[in-house]
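J.: Provided below are the primary sequence and the corresponding predicted coordinates.
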Amino acid sequence: MTLPDNIQDMIDDFAFLEDWEDRYTHVIDLGKNMPSLDISEMTEANKVKGCVSQVWLVSEQNPDTGRIVFRGDSDAHIVKGLVAIVLTLYSDRTPQDILKIDAELILSQLGLAEHLSVQRSNGLRAMIERIKMEARAQA
């Protein structure tokens with residue numbers, strides 16, 4: 001499967017980073033560069049269950065294209081970076097395309113899977129499952 005350009009670009013960026021500390025710093029920078037949600041969007045309905053840190057995801061489907069745009073935020077720097085990665089994987093895609101993306105494979109290519117704590121890995125899976133659930137509902 002050919003990956004969308006923005007995902008391949010992200011994989012290529014991570015490939016240049018030689019060790020976990022560099023990748024960790026890059027993940028935090030991705031979060032810092034991501035726009036924050038408005039406080040009014042940080043509601044219980046938008047909160048992702050299963051994350052130790054607070055994570056919120058908001059989605060809007062474009063009625064003309066069918067693409068779903070996701071936005072997100074977190075109260076923890078590293079987790080906000082993980083949200084940015086998840087949004088790169090899934091935002092602005094059709095529900096069918098979202099359901100085809102193998103996040104585990106991509107995360108292993110980024111060199112993240114083996115370095116995240118159990119809690120962060122579970123939270124990452126919770127975010128991905130929430131997005132796929134919304135995609136299934138919109139499909």
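T.: Yes, it's here.
J.: now do Glu114 against Ser108, distance only.
T.: According to C-beta to C-beta, to the nearest Å, Glu114 and Ser108 sit 8 Å apart. To be clear about C-beta, it is placed using only N, CA and C from the backbone, and glycine gets the same treatment.
J.: same check on Arg125?
T.: 13 Å.
J.: more neighbours: these two, which one.
T.: Using other C-beta atoms under 10 Å as the criterion, Arg125 and Ser108 rank with Arg125 on top: 15 against 12.
J.: check the more buried one and give its pLDDT.
T.: We have a pLDDT of 94 for Arg125.
J.: quick one: list the elements packing against the helix of greatest length in the chain.
T.: Among the elements of type helix in the chain, defined by DSSP state H, the one spanning the most residues is helix 118-138. Counting contacts by 3 or more C-beta pairs under 8 Å, 6 or more residues apart in numbering; DSSP states H and E, helix 118-138 is packed against strand 55-61, strand 68-74, helix 77-90, helix 95-100.
J.: quick one: residues in contact with the worst-scoring helix or strand of the chain on mean pLDDT.
T.: The least trusted helix or strand in the chain, going by mean pLDDT, DSSP states H and E, turns out to be helix 103-110, with a mean of 90. Residues from elsewhere that reach helix 103-110 (C-beta atoms under 8 Å, 6 or more residues apart in numbering): 3, 7, 10-11, 14, 23, 85-86, 89, 113-114, 124, 128.
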